[in-house]
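1. When you get a sec, could you give me coordinates for this:
(one chain, ligands or ions: 2)
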Amino acid sequence: MNDPRFWLVVPAAGIGQRMNAGCPKQYLRIRGRFLLDITLSRLLEHDLFIDCVVPLHSADTWWSDTEASHNARVITCRGGGERIDSVLSALVTIEDRAQAGDWILVHDVARPCVSHDDLTRLVTELVEHPVGGLLAAPVTDTLKVAEMGDQGVDVCGTQDRSRLWRALTPQMFRYGDLKQALEQAVENQCVVTDEASAIEMAGATPRIVEGRPDNIKVTLPADLAMAEFILGQLEACPQAATEERG
Ligand SMILES: Nc1ccn([C@@H]2O[C@H](COP(=O)(O)OP(=O)(O)OP(=O)(O)O)[C@@H](O)[C@H]2O)c(=O)n1
Ligand SMILES: C[C@](O)(CO)[C@H](O)COP(=O)(O)O
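-> Ligands and ions are numbered 1, 2, ... in the order given. Next up, the predicted model:
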C-alpha cells in the first residue's frame, strides 16, 4: 500500500469579531510573536505535511510581516465569507496536486496550544480509519439550556452531558470526501462550524480522538492570557504535554 500523504489547512481568514481587538486575533502577539506564527510553527514541527495551505482574508495586510510568509512549505489562498468557504478555497488551491485519498488536517489558526503528542495520536489512530475524525475533549461542566428573558438569561433546562464532547482541531478527513462534503453543505446552504459536521451530513461517522482540554481556541479577550499561560507551561515542561489528558 502507498505511504499515506498529508496536507495541512489552517483557516486564517476570520476577522475576530468576538475578540474585538484592533486587528484580527490571529495577528495579536504572545511574547512578541503573532498568534498565527505560534500555531503554524507548532504544527510544522511535524515533517508530515506535503504543504500547509493558509486561507487569508482578502483585506489581510499583516501576512507579509509573519514568519510563516517566509516558509516554503506554506502557501496562501483567498479565504471566503465563512470558515467552510475558506477551507473549500484551500482544497481547490491544491486540487492539481492532491489525490482523493490524501489526508487533510484542518486546524484553527486560533488554537496555538495544540500539542505535538495530540497531533501524533490523531494521525496514528486515524490513518487507517475509513472516515477520519477529530480531536475532542469531554464536556466537564454542567450545561444549561437557557433563553433570553426580559430580566436576563433564564435557565430552561439542564443538558445531559454524559455523551457531549467539545470539538477541537485538527480535524482529519480524506481530500475527496472532505471536498465533496463541504461542497454539498454549501449547495444545501447548511452553515457548518466544523468539517466533521459536513462529513456527518454526508452520512459518515467521524471518530473522536480524545485531546487535551488546553487546546483552546482564542476567541474572547480573556483567552489570550490563558493561551500565553498554557504555552508557557508546555514550553517549560514538555513532558507535561505527554501526560494523560484531562
Ligand atoms: N470566513 C472565515 C471565518 C473564520 N475563519 C477561520 O476559522 C477559524 C475559527 O473561526 P473563529 O474562531 O470564529 O474566528 P473568527 O471568525 O475570526 O472569530 P469571530 O467569529 O469572533 O469573528 C479561525 O482560524 C478563523 O480565522 C476563516 O478562515 N474564514
Ligand atoms: C472548528 C471549531 O474550532 C471546533 O470547535 C469551531 O467549530 C470553530 O467555531 P468558530 O465559531 O468558527 O470559532
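2. how about Gln180, secondary structure?
-> For Gln180, the reduced secondary structure class is helix; criterion used: DSSP: H, G, I helix; E, B strand; the rest coil.
3. That one and Asp150, how far apart?
-> Look at Gln180 and Asp150: by Cβ to Cβ, to the nearest Å, they are 46 Å apart. Using the backbone N, CA and C atoms, a C-beta is placed for each residue, glycine as well.
4. just Ala136 next, same as before
-> Separation of Ala136 from Asp150 (Cβ to Cβ): 36 Å.
5. who has more neighbours, these two?
-> Applying other Cβ atoms under 10 Å to Ala136 and Asp150 shows that Ala136 carries more neighbours, namely 22 against 5.
6. near ligand 2 at all, whichever strand or helix holds Ala167?
-> According to DSSP states H and E, Ala167 maps onto strand 165-174. Yes. Using Cβ under 6 Å from any ligand atom, a contact is recorded between strand 165-174 and ligand 2, made by 167, 169.
7. Starting from that strand, tell me which strands it pairs with and how they run.
-> Partners of strand 165-174 in the sheet, by DSSP bridges, are strand 103-106 (antiparallel), strand 132-138 (antiparallel).
8. which stretch among these comes nearest Asp214?
-> strand 132-138 (9.0 Å; Cβ to Cβ).
9. how about the closest one, does it reach ligand 1?
-> No. Using Cβ under 6 Å from any ligand atom, strand 132-138 stays clear of ligand 1, with a minimum separation of 13.7 Å.
10. tell me how far the ends of stretch 42-53 are from each other?
-> 15 Å (Cα to Cα, to the nearest Å).
11. and it, which residues are buried?
-> 42-44, 48-49, 51-53 (16 or more other Cβ atoms under 10 Å).
12. Out of these, which is nearest to ligand 1?
-> Among the buried residues of stretch 42-53, Val53 lies closest to ligand 1 (Cβ to the nearest ligand atom), at 10.9 Å.
13. Closest one to ligand 2 out of the buried residues of stretch 42-53, please.
-> Leu43 (14.5 Å).
14. The closest one touches Val10, doesn't it?
-> Yes. Leu43 is within contact range of Val10, at 7.0 Å (criterion: Cβ atoms under 8 Å).
15. any shared contact partners between the two?
-> Shared contacts of Leu43 and Val10, defined by Cβ atoms under 8 Å, 6 or more residues apart in numbering, are found at 52, 107.
16. Return the most buried member of the strands paired with strand 165-174.
-> By mean neighbour count, with neighbours taken as mean count of other Cβ atoms under 10 Å, strand 103-106 ranks first of these at a mean of 26.
17. Can you name the residue of this protein nearest ligand 1?
-> Closest point on the chain to ligand 1, by Cβ to the nearest ligand atom, is Gly14, at 2.1 Å.
18. just to revisit the earlier point, could you dump the strands paired with strand 165-174 to a markdown table with distance to Arg18 and mean pLDDT?
-> Below are these laid out as a markdown table (distance: least, Cβ to Cβ, whole Å; pLDDT from 0 to 100):
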| stretch | distance to Arg18 | mean pLDDT |
| --- | --- | --- |
| strand 103-106 | 20 | 98 |
| strand 132-138 | 20 | 98 |
